[in-house]
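> A predicted structure for the sequence below; I have some questions about it.
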Amino acid sequence: MIKEKIRKKIELIIKKLINKKIDLDIQFPNNSNFGDYSTAIALKLTKIIKKNPLEIAQEIVKNFDKENDVFEKIEIIKPGFINFWLSKSYLANQIIFFAENNFNFPKYYLGKNKKIMIEFAHPNTHKLFHIGHLRNISIGESLVRIFESLDNKVIRANYQGDVGLHIAKCLYSVKNSINQIKNLKTLQEKIEFIGKMYSEGTKAYEENEKSKQEIIEINKQIYNQDKKIINLWKKTRKWSLDYFNKIYKRVYSYFNRFYFESEMAKRAIEISNQALKKNILEKSEKAIIFNGKKYNLDTRVFINSLGYPTYEGKELALAEKEFSEFGNLDKNIHIVTPEQTSFFKVTFKVEELINAKIKGKQYHLAYEWVNLKTGKMSSRQGNIIEANWLIDKIKEKIIKNFNCDEKTAEILAVASAKYSFLKNSPQTIINFDIDESIGINGNSAPYLIYTYVRCQSVLKKSNIKFTNKILDINNLENFELNLLRKIYQFSEIVLKSAENYSPNFIANYLYELASDYNLFYQKYPIIKTEEKTKKRRILITLAVANIIKKGLELLGIKTVEKM
RNA sequence: GCCCUUAUAGCUUAACGGAUAAAGCAACGGUCUUCGGAACCGUUGAUGGGGGUUCGAUUCCCUCUAAGGGCACCA
């Protein structure tokens, strides 16, 4: 990585100047007039070295070994920026790698075992898989692929809630409508049925004291795997899981390990009691709690006064399994909404008090909600947007607007939905509007895929056989040079996405790359030009196509060859 | 009451303490005898208010306003 190279060289120079280590920022400037890499280190050093920043910059540049071939020039600009320009020949060589589908991804590990777990999706059974889950699974799937591309072993985990009051509410209503079950034919009908049962159960719970008591009783029965409810629970639970599996398949995800809340209860109680003996947890009003005051954290209940484990208690059992089933993990990334921040701070603390080895390895990636412009989604209000429904809707729109076949429309619809979530940072709340939010023009997946298809078409028509791939850098147009410089950045953008747990850097990079290519395509002939130029432009086209395909793959998005 | 987020153009969003705040949608105007027009170009338009730190703040700190979330037996 050239970035690291520059960093090390400057660090050495600075060490000689002031004998101190300094935080160096080296970046891709957002304006291409400022070179391929840029640093403001001279400006920062003015405090330490009492000199004019321009003088400091000159001192650094004077001692910087340019290695002839790699750097073309190094400029010092106005207040004290140092801008590095890569040479055309160096860029040309790099582009050949991309044209050969060799992306030179750096290795980036979150620890010495090179093994991480990403825990994502986690829908609750007996409920719909909605667009919030779709955002979650899109982010999770993408991060898995990004970390794998940087040479990590990634374990895909999914923690699904299959016990709890929401299920008791649902089953309460199911019991009252038990004779309807035999009329349910398709999986879709079954899912709609339990959805309806859930909202009826919720209503009964709130409006009728007797129903409420019954639901609480059912909840206990589920925990105890009571014969009175177990078969109905198993049956309806299976419907949900089948439905989830269909969705996972539809969006190209799979998991190495499904965890279920129902498998945690017993162990949760044991671990909590052990922690109680060690004074990590304490007893209060018949419950077992963690007193967070000492650590400036919230106080939370792990075992309730009836002796049942809460979500917190079960999390201890989950962590134990996760950290023991796959060898030594370096990091466990939980992709969960921010309202759980307090919950995770507390459970992480308790877990590391129980087992010091876990310390620092748990990470809560707080991704935000998808809200509706009309308000927050809530199953009680019945304004949930289901993931499948959304994808179907986009699919219809694509078929209507572009007149393409069903198979292509399916790929484009899934791509559009995922991309529209992934192009945003995970930490921003998305205010969702069905017509505006899922783009099929502009900065959208179909635009990227279209660009890819266009490249493929050019490549097919060009009909060039390369004996050896050499990119001729004579008479380079500025548009081409800009493209070379953009192409060059790909591997480092992937690294940046990993470092920040943010697939959106890749998404936005791909969009810029595709825009640059389309502009170039518009302005210059690729095939209808003299031989050397043609070969060069074909190589650029090949590199762009490969990067779009690979980049989308890292986002968990499929491409098509024709559309 | 205490704690945590968030506030960027009409709307939805980008921006790693840096250089002229970047796009899409919407609106308006243009490019077409094309290597795929699902494209390309142009115009209008923004950092909630007030302080501070810094050579430099959308980014860090304080404060006000507004919105969201969390703080013992829900998940």
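Yep, that arrived. Here the structure is a predicted model, which is why all the values come from computation and not from measurement.

> who in the stretch 251-400 of chain A is up against RNA strand B?
Of all the residues in the stretch 251-400 of chain A, those in contact range of RNA strand B (CB under 7 Å from any atom of the strand) are A:261, A:284-287, A:289, A:298-301, A:304-306, A:308, A:310-312, A:338-343, A:373, A:376, A:398. In short, each C-beta sits where N, CA and C put it, glycine included.

> list buried residues within these.
Buried subset of those (neighbour count, 16 or more other CB atoms under 10 Å): A:261, A:287, A:289, A:300-301, A:304, A:308, A:310-312, A:343, A:398.

> what are the buried residues along the helix-or-strand element of chain A with minimal mean pLDDT?
Least confident helix or strand, chain A: helix A:434-437 with a mean of 82, by mean pLDDT, DSSP states H and E. Within helix A:434-437, the residues that qualify as buried are A:Ser437, counting by 16+ other CB under 10 Å.

> ok, then the element right after it?
Counting by DSSP states H and E, the next helix or strand C-terminal to helix A:434-437 is helix A:445-462.

> which helices and strands does that next one pack with?
helix A:406-422, helix A:504-523, helix A:531-554 (3 or more CB pairs under 8 Å, 6 or more residues apart in numbering; DSSP states H and E).

> which one of these lies nearest to RNA strand B?
Ranking these by distance to RNA strand B, with CB to the nearest atom of the strand as the measure, places helix A:504-523 first at 3.6 Å.

> could you export that closest one as PDB, CA atoms only?
Taking only C-alpha atoms (Å, rounded to 0.1, in the frame of the first residue of the first chain), the coordinates of helix A:504-523 have been written out as PDB:
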ATOM      1  CA  ASN A 504     -21.200   2.900   2.300                       C
ATOM      2  CA  PHE A 505     -17.600   3.900   1.400                       C
ATOM      3  CA  ILE A 506     -17.600   1.200  -1.200                       C
ATOM      4  CA  ALA A 507     -21.000   2.000  -2.500                       C
ATOM      5  CA  ASN A 508     -20.200   5.700  -3.000                       C
ATOM      6  CA  TYR A 509     -16.900   4.900  -4.500                       C
ATOM      7  CA  LEU A 510     -18.500   2.600  -7.100                       C
ATOM      8  CA  TYR A 511     -21.000   5.300  -7.900                       C
ATOM      9  CA  GLU A 512     -18.200   7.800  -8.500                       C
ATOM     10  CA  LEU A 513     -16.300   5.300 -10.600                       C
ATOM     11  CA  ALA A 514     -19.300   4.500 -12.700                       C
ATOM     12  CA  SER A 515     -20.100   8.200 -13.200                       C
ATOM     13  CA  ASP A 516     -16.500   8.900 -14.300                       C
ATOM     14  CA  TYR A 517     -16.600   6.000 -16.700                       C
ATOM     15  CA  ASN A 518     -19.900   7.000 -18.200                       C
ATOM     16  CA  LEU A 519     -18.700  10.600 -18.700                       C
ATOM     17  CA  PHE A 520     -15.600   9.200 -20.400                       C
ATOM     18  CA  TYR A 521     -17.700   6.900 -22.500                       C
ATOM     19  CA  GLN A 522     -19.800   9.700 -23.600                       C
ATOM     20  CA  LYS A 523     -16.900  11.800 -24.700                       C
END
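
> which residues are contacting that helix?
A:142, A:146, A:419, A:422-426, A:443, A:447-448, A:451, A:454-455, A:458, A:479-480, A:482-483, A:486-487, A:489-490, A:493-494, A:496-497, A:540-541, A:544, A:547-548, A:551-552, A:554-555 (CB atoms under 8 Å, 6 or more residues apart in numbering).

> care to break chain A down by domain?
In the domain annotation for chain A, the residue ranges read A:2-86, A:87-118+A:441-563 (automatic domain parsing).

> same list, those, but as JSON lines with mean neighbour count and mean pLDDT please.
Compiled in JSON lines, the domains of chain A are given as follows (neighbours: other CB atoms under 10 Å; pLDDT from 0 to 100):
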{"stretch": "domain A:2-86", "mean neighbour count": "16", "mean pLDDT": "90"}
{"stretch": "domain A:87-118+A:441-563", "mean neighbour count": "18", "mean pLDDT": "95"}
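
> among the ones you listed, which is nearest RNA strand B?
Taking CB to the nearest atom of the strand as the criterion, RNA strand B comes closest to domain A:87-118+A:441-563 out of those, the separation being 1.9 Å.

> in JSON lines: the helices and strands packed on helix A:445-462, plus distance to A:Gly195.
What follows is those, written out as JSON lines (distance: least, CB to CB, whole Å):
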{"stretch": "helix A:406-422", "distance to A:Gly195": "20"}
{"stretch": "helix A:504-523", "distance to A:Gly195": "32"}
{"stretch": "helix A:531-554", "distance to A:Gly195": "33"}
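
> to A:Asp69, which of those helices lies closest?
helix A:531-554 (18.8 Å; CB to CB).

> give the other helices and strands that that closest one contacts.
In this structure, helix A:531-554 packs against helix A:88-99, helix A:131-149, helix A:445-462, helix A:478-488, helix A:490-499, helix A:504-523, with contacts taken as 3+ CB pairs under 8 Å, 6+ apart.

> only alpha carbons, please: show that helix as CSV.
As requested, C-alpha coordinates have been extracted for helix A:531-554 and formatted as CSV (Å, rounded to 0.1, in the frame of the first residue of the first chain):
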residue,chain,number,x,y,z
GLU,A,531,-5.0,0.6,-32.2
LYS,A,532,-2.8,1.7,-29.3
THR,A,533,-5.5,4.0,-27.8
LYS,A,534,-8.1,1.3,-28.4
LYS,A,535,-6.1,-1.2,-26.5
ARG,A,536,-5.7,1.2,-23.6
ARG,A,537,-9.3,2.1,-23.4
ILE,A,538,-10.4,-1.5,-23.5
LEU,A,539,-8.1,-2.2,-20.6
ILE,A,540,-9.6,0.7,-18.7
THR,A,541,-13.1,-0.7,-19.5
LEU,A,542,-12.1,-4.1,-18.4
ALA,A,543,-10.7,-2.8,-15.1
VAL,A,544,-13.9,-0.7,-14.4
ALA,A,545,-16.1,-3.7,-15.2
ASN,A,546,-14.1,-5.9,-12.9
ILE,A,547,-14.2,-3.4,-10.1
ILE,A,548,-17.9,-2.8,-10.3
LYS,A,549,-18.6,-6.5,-10.3
LYS,A,550,-16.2,-7.1,-7.3
GLY,A,551,-17.4,-4.1,-5.5
LEU,A,552,-21.0,-5.0,-5.8
GLU,A,553,-20.1,-8.5,-4.7
LEU,A,554,-18.6,-7.1,-1.5
